[in-house]
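# this is a predicted model, with the sequence first.
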Amino acid sequence: MIQVQSLNHTFKIGKKGKEKKIEVLKDIDFEIQQGEIVSIVGKSGSGKSTLLQVIAGFMKPDSGSIKVNNTEIAQFNEKQSAAFRLSHFGFIFQNFQLLPNQNVFENVELPLKIKGVQAPIRKIMADKILSKVGLLEFADHYPNELSGGQQQRVSIARAMITNPPIILADEPTGSLDSQTEKEILELILKLNQTENITFMIITHDEEVAQIAHRKLRMHDGQLLGEKNYVI
Ligand SMILES: Nc1ncnc2c1ncn2[C@@H]1O[C@H](COP(=O)(O)OP(=O)(O)OP(=O)(O)O)[C@@H](O)[C@H]1O
């Protein structure tokens, strides 16, 4: 489903003429199969978020190949990336990234609105997803009226509403207490099993990593395979 080959990315920092280059992704190779949960763990600054951003098309890599369902996406322009994202990726972030002045229902239906889906269909789909994540009765609540775990459920519902084959999650439980973390991880496992959604989860939390079928480790811009995985 996702095949990444020889992926490299460098950031340039500092003033023009005196720029310093930081190699953040170094020759990354890996594959994710449909229906897998893969976690990518590593210390702060090892390049995990950059890898996710590059796969999602928010940043263009310097070189290398990213194939999703056999489509080469590494050198897509912004418009192509945005269209591809909408139909292939859902996102979950540590800080939920919900719109504060939109209620739960409006936050969840937003990707469908962007896709141009008509209101009555949006309503049916959003209600269905909200009941899957156990939040139907909170549809008219605003994000600041919800607990952290509930807000993350809303963002999971929003990630799923377009039926993406893969969800990219960056520290999905990073802002949650341990009981709520457990509930969100159970929800991710349930969605993986019942909907066959593939998850790539970036985390520095070994407990989160444990739910994955496969664990990969980022170290200083390099991705170490399972054979090299040491806790
Ligand atoms: N936009 C940017 N410009 C310059 N350097 C950047 C930029 N974004 C990230 N970096 C650098 O790239 C390296 C990897 O950052 P990245 O955020 O990918 O790491 P991470 O493993 O996700 O860390 P964390 O767990 O703290 O989120 C760091 O040294 C960071 O300072």
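Yep, that arrived.

# which pLDDT value does the model give the residue nearest the centre of the chain?
Nearest to the geometric centre of the chain sits L168, at 1.8 Å (C-alpha atoms, centre = their mean). pLDDT for L168: 96.

# just to be sure, it is in a helix?
No: judged by DSSP: H, G, I helix; E, B strand; the rest coil, L168 forms no part of a helix; its state is strand.

# may I have the beta-bridge partners of it?
With beta bridges defined as DSSP bridges, L168 has these partners: F91, M200.

# ok, it to K15 distance?
33 Å (C-beta to C-beta, to the nearest Å). For the C-beta atoms, the positions are set from N, CA and C on the backbone; glycine is no exception.

# kindly report the same for G35.
The gap separating G35 from K15 is 47 Å, by C-beta to C-beta.

# more crowded one of the two?
Higher neighbour count among G35 and K15: G35, with 15 against 7, using other C-beta atoms under 10 Å.

# wait, doesn't F138 sit right on L146?
Yes: contact criterion C-beta atoms under 8 Å: F138 and L146 qualify, at 6.6 Å.

# go ahead and confirm D29 touches L223.
Yes: applying C-beta under 8 Å, one finds D29 in contact with L223, separated by 7.2 Å.

# circling back to that earlier point, which residues do F138 and L146 both contact?
V104 (C-beta atoms under 8 Å, 6 or more residues apart in numbering).

# so F11, which of the three states?
strand.

# give me the contact list for the helix or strand of the chain with the lowest mean pLDDT.
The helix or strand of the chain with the lowest confidence, counting by mean pLDDT, DSSP states H and E, is helix 206-209 at a mean of 87. Here helix 206-209 makes contact (C-beta under 8 Å, 6+ apart) with S39, V41, P172, T173, E181, L185, I201, T203, K215, I231.

# most neighbours among these, please name it.
P172 (29 neighbours).

# need phi/psi at that residue.
Note on P172: its backbone torsions stand at phi -60, psi -20 [degrees, to the nearest 10].

# and the gap between it and G225?
Distance from P172 to G225, by C-beta to C-beta: 23 Å.

# and G14, by the same measure?
Separation of G14 from G225 (C-beta to C-beta): 34 Å.

# contact residues of this protein facing the ligand?
Contact residues, the chain versus the ligand (C-beta under 6 Å from any ligand atom): 11, 13, 22, 24, 42, 44-50, 204.

# among those residues, which two are most distant?
Farthest apart among the residues of the chain next to the ligand by C-beta to C-beta are I13 and H204. That separation is 22.8 Å.

# so those two - more neighbours on which side?
Shown here are I13 and H204; by other C-beta under 10 Å, H204 has more neighbours (16 against 9).

# wait, the more buried one sits on D170?
No: contact criterion C-beta under 8 Å: H204 and D170 do not qualify, at 10.8 Å.

# shared neighbours, these two?
Joint contacts of H204 and D170 (C-beta under 8 Å, 6+ apart) are K48.

# for the protein, give me the ranges with low pLDDT.
For the chain, the stretches with pLDDT under 70 are 226-231.
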